[in-house]
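S.K.: The following block contains a protein sequence and its predicted model.
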Amino acid sequence: MTSEERTRPLQRGVWGVVATPFRGPELAVDPGSLGRLVAHYETVGATGLTVLGVFGEASSLTVRERALVLSTAAEHCRLPIVAGVSSLATAPAIAEIDEALGAVDGRIVAAMVQVNSPRAEIVIAHLHEIHAATGAPVVLQDYPVASGVVISTEALLRVIDACPFICAVKAEAPPTAAAIALIAERTSASVFGGLGGQSLLDELASGSAGAMTGFSIPEALVACVTAWLAGDHDEARRAFTPYLPLVNFEQQPKIALALRKDLFTRRHLFDEGAVRPPAAPFPGQLERLAVEHLARAEALLVGGRR
């Protein structure tokens, strides 16, 4: 397969991973809050959105709710959308992609599919069947914390080589910078880091195309990635380094999603910070720290250090 026959790489930049807001005791999807969040991503210069990802709690949503989330995101911004796929099995994954394409015609540029086996040949067969059925370009997500699947970088490269419709790889198996360096060197597909931006600067230095992640201050992600891709690496470091305490606070295991939703609420992007089980709720003991971290971060924004 020649490089000319490969799907065009996903555009470089920041692809915001969209959290799904809920409201009320029934934890219903909140379209108003979702609309504010996606509009904010567009306003601050995000390249695109990743909707129904792991941090979008897609596995807790009904088919109707997933369609509502996608249609709301498309209605409130003009950004291209990557639709996340929760299922690891082939037939349910195809069904999810078909539902997404039906809900948001013409706005979805790729489907993000998780690695479903440590064996390259199984992943290759899985992806080929998905692409044959849906025609969607694929963002291949390697996120063992969510999938439970651990695959070697060499096996991942065999998958990419065998699947020319892969437009990007989301590398979230630490050490991410090492994997990104190998993938970026040996494939034309875009490679993105995630994990809330914890290793963003090292990932950019290793050849990543930007970030595909969420963070309560997406302005900082955009400022960093924009400067780096423009060749101003010192400015990228200056733009992002002051936010690292908040990045590390927000990415605490088990409660990262609740922390991010709480911070979005404090920024008035969400009305409520609720999560659905099995996600862990926001620990009240951390409220003071959340307020202090966010106050410092917002002071940086006001001061123009973006």
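M.R.: Yes, it's here.
S.K.: what's residue 262 sitting at in phi/psi?
M.R.: As for residue 262, its main-chain torsions (degrees, to the nearest 10) stand at phi -60, psi -40.
S.K.: so how many other residues sit close to it?
M.R.: Residues lying near residue 262 (other C-beta atoms under 10 Å) number 26. Glycine gets a C-beta too; all of them are placed from N, C-alpha and C.
S.K.: Over to residue 137?
M.R.: The tally of other residues near residue 137 (other C-beta under 10 Å) stands at 22.
S.K.: Residue 172 too?
M.R.: Residues near residue 172, counting by other C-beta under 10 Å: 23.
S.K.: cool, residue 89 as well?
M.R.: 10.
S.K.: same question for the strand or helix carrying residue 49, mean pLDDT?
M.R.: Using DSSP states H and E, residue 49 maps to strand 48-51. For strand 48-51, mean pLDDT is 98.
S.K.: What is the subsequent helix or strand relative to that strand?
M.R.: Following strand 48-51 toward the C-terminus (DSSP H and E): helix 63-76.
S.K.: Show me what that next one is in contact with.
M.R.: 18, 20, 29, 31, 34-36, 38-39, 49, 51-52, 56, 58, 61, 81, 83, 96, 99-100, 102-104, 107-108 (C-beta atoms under 8 Å, 6 or more residues apart in numbering).
S.K.: Tell me the spatial nearest neighbour of residue 252, not counting adjacent residues.
M.R.: Spatial nearest neighbour of residue 252, chain neighbours left out: residue 259 (6.4 Å); criterion: C-beta to C-beta, 6 or more residues apart in numbering.
S.K.: any weak-confidence spans in the stretch 1-150 of the chain?
M.R.: 1-4 (pLDDT under 70).
S.K.: where exactly do the helices run in it?
M.R.: 31-43, 63-76, 90-103, 120-134, 144-147 (DSSP state H, counting those that start in this stretch).
S.K.: same deal with the stretch 201-306 of the chain?
M.R.: Using DSSP H, counting those that start in this stretch, the helices of the stretch 201-306 of the chain run over residues 218-229, 233-240, 244-250, 256-266, 287-302.
S.K.: show me the contacts for residue 194.
M.R.: With C-beta under 8 Å, 6+ apart, residue 194 has these contacts: 17, 143, 170-172, 176, 211-213.
S.K.: what do you get if the cut-off is 10 Å, keeping everything else the same?
M.R.: By C-beta atoms under 10 Å, 6 or more residues apart in numbering, the contact list for residue 194 reads 15, 17, 50, 53-55, 141-143, 170-172, 176, 200, 203, 211-214.
S.K.: and it, what pLDDT?
M.R.: On the pLDDT scale, residue 194 gets 96.
S.K.: The helix or strand containing residue 167 versus helix 120-134: what angle between them?
M.R.: Using DSSP H and E, residue 167 maps to strand 166-171. Using axes from the mean of the first three to the mean of the last three C-alpha atoms, to 10 degrees, the direction of strand 166-171 lies 130 degrees away from that of helix 120-134.
S.K.: Let me know how buried residue 132 is, in neighbour terms.
M.R.: Count around residue 132 with other C-beta under 10 Å applied: 10.
S.K.: is it true that it touches residue 126?
M.R.: No - taking contacts as C-beta atoms under 10 Å, residue 132 lies outside contact range of residue 126: 11.1 Å.
S.K.: so what's residue 101 up against?
M.R.: The neighbourhood of residue 101, defined by C-beta under 10 Å, 6+ apart, consists of 70, 83, 107-108, 111, 134-136.
S.K.: Can you say which of these are buried?
M.R.: Neighbour-count burial (16 or more other C-beta atoms under 10 Å) is assigned, among these, to 70, 83, 107-108, 111, 134, 136.
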